[in-house]
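Asks: Here is a sequence with its predicted model. Questions after.
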Amino acid sequence: MLVRDELLERASKQSGLDDFGDVPFVDALDAIVDALNDEGRVDADVRARAADMLTGVLVKRLCLVDDRAQHPDIAEEIVTGPVFIVGQPRSGSTHLHALLACVEGVRAPRLWELTLPSPPPERGTYDSDPRIAAVQAGVDATPAEMQVRHPTSATRPEQCNGLLEWSFLNQAWMANYDVPSYRDWFLDADYTPLYEAHGRTLQQLQWQYPGRWVLKYPKHLLSLHALLARYSDATLIWTHRDPAEVLPSAVSLTGYMRSLNTRDYDPVRFAREWVVIEELALQRGLATRDRDANEARHIDVDYRALMRDPVATVEAVCEQLGMTFDDVSRRAVQQWLDDNPQDKHGVHRYTAADFGLDPDRLRARFDFYAGRFT
């Protein structure tokens, strides 16, 4: 059984630190701990792995708070004009994120610094930091099938989970664990602490290596109103793809993650749950967009155009962002494309029927979105 105070003590012992900072987190930690303890489909082995994960996040929090105390200048950092890619999962958002990361002046967080952000990364050692090898070792230990579904590496840009997880408001845990009580708690939460943690981590990472942030996370759509309250000058890039293609792919990826932690994983049951979450994310995100007086901050990118001519798409996005796309950036984008062909790690094979999904019914259900953007 997980016990919150034991996790806090364990993290303090591992780190030698005891100041967890002023960003609220106890209620959120209690919600995930209670869910992992009480949900009938989460067994003891899963809870043990989760205990290690939660302890690691608490250690990360302790170290970030300590860095901020040791280096007060971190708190003076200003995050200006961040760009968030917020399109549906499996709509080209990861691809576009990696391509924009090749543009001169862009700062896209890499997996290694999201995983181990303390001490703050430095520009001079950014490509040779020993944390890269440590994080890559963890990547290499993951199942090869995961690379087929979602390629990653220590030096590849990664989504915002690592910026916000130490608030303990983390949608990814809804994907990895069958924790319906945490899901229900999360969907009704105050997201202010999430974006406070997010912003403080960006300050940490840019302190000695500045740049314009280009970030990515589809599930920001669930809390987009809170994101815009925290980053009033943000620009949002919406990647668009037919939901009948997106949803089976998303369920296949996320369902694989869930299956690793669920003894009696049922793909059809999971698909029903996850499609509701994706529907809610789009409904919430579009409602925030429609209320936003600044329509100019929203950039739409079609998946088909991105895949057909990625260089031209990146150039067009840069123009809309007011960023220079010079020959150096163009060559870097092309080099990334040459080095990372589609299906580099293998073909992601699945069908909608594997999850009890019907493409025509999905299109009808998501017509509120597809009829507007795809």
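Replies: Yes, it's here. Numbering: from 1, shown residues only.
Asks: average pLDDT across stretch 329-343?
Replies: Regarding stretch 329-343, the rounded mean pLDDT is 92.
Asks: Same question for stretch 54-73.
Replies: 98.
Asks: Now tell me what touches that stretch from outside.
Replies: 2, 7-8, 10-12, 14-15, 17-21, 25, 29, 32-33, 74-75, 116-120, 165-166, 168, 200-201, 204, 207 (Cβ atoms under 8 Å, 6 or more residues apart in numbering). For every residue, glycine as well, the C-beta is placed using N, CA and C.
Asks: How far does that stretch sit from its chain's centre?
Replies: 20 Å (Cα atoms, centre = their mean, to the nearest Å).
Asks: Pull out the buried residues from it.
Replies: 54-55, 57-68 (16 or more other Cβ atoms under 10 Å).
Asks: Render the CA-only coordinates of that stretch in PDB, please.
Replies: C-alpha atoms of stretch 54-73 as PDB (Å, rounded to 0.1, in the frame of the first residue of the first chain):
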ATOM      1  CA  LEU A  54       6.200   9.000  -7.600                       C
ATOM      2  CA  THR A  55       9.300   9.100  -5.400                       C
ATOM      3  CA  GLY A  56      11.300  10.100  -8.500                       C
ATOM      4  CA  VAL A  57       8.900  12.900  -9.200                       C
ATOM      5  CA  LEU A  58       9.200  14.100  -5.600                       C
ATOM      6  CA  VAL A  59      13.000  14.100  -5.800                       C
ATOM      7  CA  LYS A  60      12.800  16.100  -9.000                       C
ATOM      8  CA  ARG A  61      10.500  18.600  -7.200                       C
ATOM      9  CA  LEU A  62      12.900  18.900  -4.200                       C
ATOM     10  CA  CYS A  63      15.900  19.500  -6.500                       C
ATOM     11  CA  LEU A  64      14.000  22.100  -8.500                       C
ATOM     12  CA  VAL A  65      13.000  24.000  -5.400                       C
ATOM     13  CA  ASP A  66      16.500  23.800  -4.100                       C
ATOM     14  CA  ASP A  67      18.000  25.100  -7.300                       C
ATOM     15  CA  ARG A  68      15.600  28.100  -7.200                       C
ATOM     16  CA  ALA A  69      16.700  28.800  -3.600                       C
ATOM     17  CA  GLN A  70      20.400  28.500  -4.400                       C
ATOM     18  CA  HIS A  71      20.100  30.600  -7.600                       C
ATOM     19  CA  PRO A  72      17.400  33.400  -7.100                       C
ATOM     20  CA  ASP A  73      18.000  34.700 -10.600                       C
END
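Asks: before we move on, the earlier item: go through the contacts of stretch 54-73 and flag which are in strands.
Replies: Residues of the contacts of stretch 54-73 located in strands (DSSP state E): none.
Asks: If anything else comes up later, I'll come back, but that's it for now.
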